[in-house]
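Enquirer: turn this into a model:
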Amino acid sequence: MNVTSQIKQPIFDEMELFEKKFYESMTSNVALLNRITYYIVNRKGKQMRPMFVFLTAKMVSGGIVNERTYRGACVIELIHTATLVHDDVVDDSNRRRGFFSINALWKNKIAVLVGDYLLSKGLLLSIDNGDFDLLRIISVAVREMSEGELLQIEKARRLDITEDVYYEIIRKKTATLIAACCALGAKSVIEDEVQVENMRKFGELIGMAFQIKDDLFDYTDEAIGKPTGIDIKEQKMTLPLIHVLNTTTSKEKSWLINSIKNHNKDKKRVKEVIAFVKNNNGLLYAEQKMVEFQQQALLLLDNYPNSDFKEALILMVNYVIERKK
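Expert: Model prediction:
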């Protein structure tokens, strides 16, 4: 049994029912929309985010989920899917999870509108059922994700990112949605704000580790969803590079900045940058930071009694930093 199946085991029934509810949550009277949403549902990813919602809910409540939990998981997945559809338009990407992206098949205009539609469906699902507490958690995540992306674009132009700014970018861009999943899972079944905040923090720390792992893939040759060196080509400042820029000589720093600014399309130069970052402990440093976030996340689970749900969450945390893609 692979790791994802092991993690899913304690919430297998919930995930089965979730898939039905998720598909229902996207239905429309417009045939074109239904064709596109059918395409989306049949090319789903690992569904990590709904898994976080259900595992967190069951761990804090001793095994209980309710309709609010299902709605919360659907809203998170609707919003996550909307952001992926929009991301592919922004990045001019024709592939997603090994399949053609929505914009590749139906063009940008339709893809943008589909993303907007999924976003509105998510918000309405909360509003129609009076889940205003859950909606607040989700809306903060949507706002922060937009801010994170824009902050990254702004900083990429100037290439002046400090480590603290990098953490702020990835917290908003990636970690905030996983934090929302965990806070939402807890909030759907309990009222205790201290526990809800504890779970939000847990999700945020995993999200930070998750993004650093993603950044490390840019420097490895393993078969993953994106080619090696793409962050450098796109002038994205990631932790291995930031660390090396801050610890190298001014001459080497000038060469690095010049390479990223003016030679980022030159394959040979990109390979040289990757080798330089590796040889100057950029990867080692980023791996250490990733493990720090992972360990902090695991500490937050210590107060909960042992259960299948807690074990699955621990497995999930470890999977985030050990995954090969």
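Enquirer: and the host helix or strand of Gly203, what does it pack onto?
Expert: Assigned by DSSP states H and E, Gly203 belongs to helix 193-217. Packing partners of helix 193-217 (3 or more CB pairs under 8 Å, 6 or more residues apart in numbering; DSSP states H and E): helix 48-61, helix 163-170, helix 176-187, helix 239-247, helix 282-299, helix 308-322. Heads up, the C-betas are built off the backbone N, CA and C, glycines and all.
Enquirer: if we use 7 Å, what do you get?
Expert: In terms of contacts (3 or more CB pairs under 7 Å, 6 or more residues apart in numbering; DSSP states H and E), helix 193-217 is packed against helix 48-61, helix 176-187, helix 239-247, helix 282-299, helix 308-322.
Enquirer: deepest of the ones you listed, which one?
Expert: Mean neighbour count (mean count of other CB atoms under 10 Å) peaks for helix 176-187 among the helices and strands packed on helix 193-217, with a mean of 29.
Enquirer: three-state assignment of Thr27?
Expert: coil (DSSP: H, G, I helix; E, B strand; the rest coil).
Enquirer: quick revisit: quick one: which of the helices and strands packed on helix 193-217 is nearest Asp133?
Expert: Taking CB to CB as the criterion, Asp133 comes closest to helix 176-187 out of the helices and strands packed on helix 193-217, the separation being 5.9 Å.
Enquirer: pLDDT averaged over the closest one - what is it?
Expert: The pLDDT scores in helix 176-187 average 96.
Enquirer: what angle do helix 282-299 and it make with each other?
Expert: Between the axes of helix 176-187 and helix 282-299, defined by axes from the mean of the first three to the mean of the last three CA atoms, to 10 degrees, the angle is 10 degrees.
Enquirer: what lies in contact with helix 176-187?
Expert: 49, 52-54, 56-57, 60, 69, 72, 76, 80, 133-134, 137-138, 141, 144-145, 195-196, 199-200, 202-204, 206-207, 210 (CB atoms under 7 Å, 6 or more residues apart in numbering).
Enquirer: so, low pLDDT: which residues of this structure?
Expert: 1, 44, 95-98, 221-228, 325 (pLDDT under 70).
Enquirer: which residue of it sits farthest from its center?
Expert: Lys251 (35.7 Å; CA atoms, centre = their mean).
Enquirer: and the contacts of the helix or strand where that one lies?
Expert: Assigning secondary structure by DSSP H and E places Lys251 in helix 250-262. Contact with helix 250-262 is made by 159, 232, 235, 245, 269, 273, 276, as judged by CB under 7 Å, 6+ apart.
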